[in-house]
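Asks: What follows is a predicted protein model with its sequence.
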Amino acid sequence: MADRALGLILRHKLTWLALAVMAGLEAAFFVWFAPSALMMLAALGLGLLCLVAWPLIFARSAAFAAALAARPRADEAARQRKVAELIADFEELAFAQGNAQLRMLEEKFDNLAEILRRRLDNGELTYARYLGMAEQVYFSAFDNLHEVAVGLRSVRTIDHDYIRERLAALSRVAELSGEEREESEALQQRSRLYDEQQQRVAQLVAQNESAMTVLDKTAAALAGTKTTRGQASMDASAAIEELERLAQRAGDYAAQH
């Protein structure tokens, strides 16, 4: 979310307007007053200080909160393409749980976003902050589903039933030949690869279930309490804190992979 916020500040028209105004003021000062070298350096330093302070000032504005809460049309179109690709992947891989999670994840995020819209003014920075945390959790779970599809595809050609049957047959041989030992080792390697990917898939699916539970708890907590301008009520604070912790873990996980 921090990267997106910085990008929005740098791209926003008010930032460019502030930069143009500052450059104009500096130029006018130099032309009208013909300052000494020391005064020129002081003016440049003051201008630089104002430019450095601008992101902090703008980040507290309603314009920034509204821009941060809005999902760019191009980003949404790209997301929809990825959703369609993921649905097709899970259908091809016959992994119904993946598409079920994807559907529920979309529904739960949209539901929380709607409750936030109704409980908080979408021009408030608090609204943008909560929505940003929910988005981070959503995208982390979405990335998990992508990894699930990749993991399942990587072992889709491994026939685990055949491997078990063949290893069972080899285990009944009193003394294995060199070729049979080589075959057994190769089968065991493929079996380990299959089991490792299945375990990883199970872990990612479990992480997503936890993420969806947090989205539900946050939505329920906000829906069941009144809010005051700029903050959630105390009854909802625990759910918001849990959402924030999960969003932070999602960011840490993304940085490691």
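Replies: Received it, and whenever you're ready, just let me know what you need.
Asks: mind checking which helix or strand residue 35 is in?
Replies: For residue 35, there is no host helix or strand (DSSP states H and E).
Asks: That one: what's it in contact with?
Replies: For residue 35, the contacting residues are 29, 43, by Cβ atoms under 8 Å, 6 or more residues apart in numbering. Where C-beta positions appear, they are placed from N, C-alpha and C, glycine not excepted.
Asks: That one and residue 205, how far apart?
Replies: Here residue 35 is placed at a distance of 66 Å from residue 205 (Cβ to Cβ, to the nearest Å).
Asks: Need the pLDDT of the closest residue to residue 105 other than its chain neighbours.
Replies: Of all residues not flanking residue 105 in the chain, residue 141 sits nearest, at 5.4 Å (Cβ to Cβ, 6 or more residues apart in numbering). With respect to pLDDT, residue 141 scores 91.
Asks: what separates residue 141 from residue 128, distance-wise?
Replies: 20 Å.
Asks: so where's this structure uncertain?
Replies: Counting by pLDDT under 70, the chain shows low-confidence ranges at 1-12, 54, 56-75, 121-125, 224-237, 239, 248-257.
Asks: okay, now the domains of it?
Replies: 1-59, 72-256 (automatic domain parsing).
Asks: before we move on, the earlier item: so the residue nearest to residue 105 lies in a helix, does it not?
Replies: Yes: the assignment for residue 141 by DSSP: H, G, I helix; E, B strand; the rest coil puts it in a helix.
Asks: Enumerate every residue touching it.
Replies: 101, 105, 207-208, 211-212.
Asks: Present the residues you listed as JSON lines; the columns should include neighbour count, distance to residue 50 and secondary structure.
Replies: JSON lines is the format used below for these (neighbours: other Cβ atoms under 10 Å; distance: Cβ to Cβ, whole Å; DSSP: H, G, I helix; E, B strand; the rest coil):
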{"residue": "101", "neighbour count": "23", "distance to residue 50": "48", "secondary structure": "helix"}
{"residue": "105", "neighbour count": "22", "distance to residue 50": "43", "secondary structure": "helix"}
{"residue": "207", "neighbour count": "17", "distance to residue 50": "45", "secondary structure": "helix"}
{"residue": "208", "neighbour count": "24", "distance to residue 50": "45", "secondary structure": "helix"}
{"residue": "211", "neighbour count": "25", "distance to residue 50": "41", "secondary structure": "helix"}
{"residue": "212", "neighbour count": "19", "distance to residue 50": "45", "secondary structure": "helix"}
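Asks: Tell me which stretches of this protein form helices.
Replies: Under the criterion DSSP state H, the chain contains helices at 2-11, 13-33, 37-58, 62-69, 73-92, 96-119, 125-154, 160-171, 178-223, 234-256.
Asks: now, of those helices, which is deepest in the fold?
Replies: helix 125-154 (a mean of 20; mean count of other Cβ atoms under 10 Å).
Asks: now the angle between helix 73-92 and that one, please.
Replies: Taking axes from the mean of the first three to the mean of the last three Cα atoms, to 10 degrees, one finds helix 125-154 and helix 73-92 inclined to each other by 30 degrees.
Asks: Show me how far helix 125-154 is from its chain's centre.
Replies: 4 Å (Cα atoms, centre = their mean, to the nearest Å).
Asks: from now on call the first residue 35
Replies: From this message on, residue numbering opens at 35, which makes the last subject helix 159-188.
Asks: okay, the angle between that helix and helix 212-257?
Replies: Using the same axes, to 10 degrees: helix 159-188 against helix 212-257 is 160 degrees.
Asks: and the angle for helix 159-188 with helix 130-153?
Replies: Using the same axes, to 10 degrees: helix 159-188 against helix 130-153 is 170 degrees.
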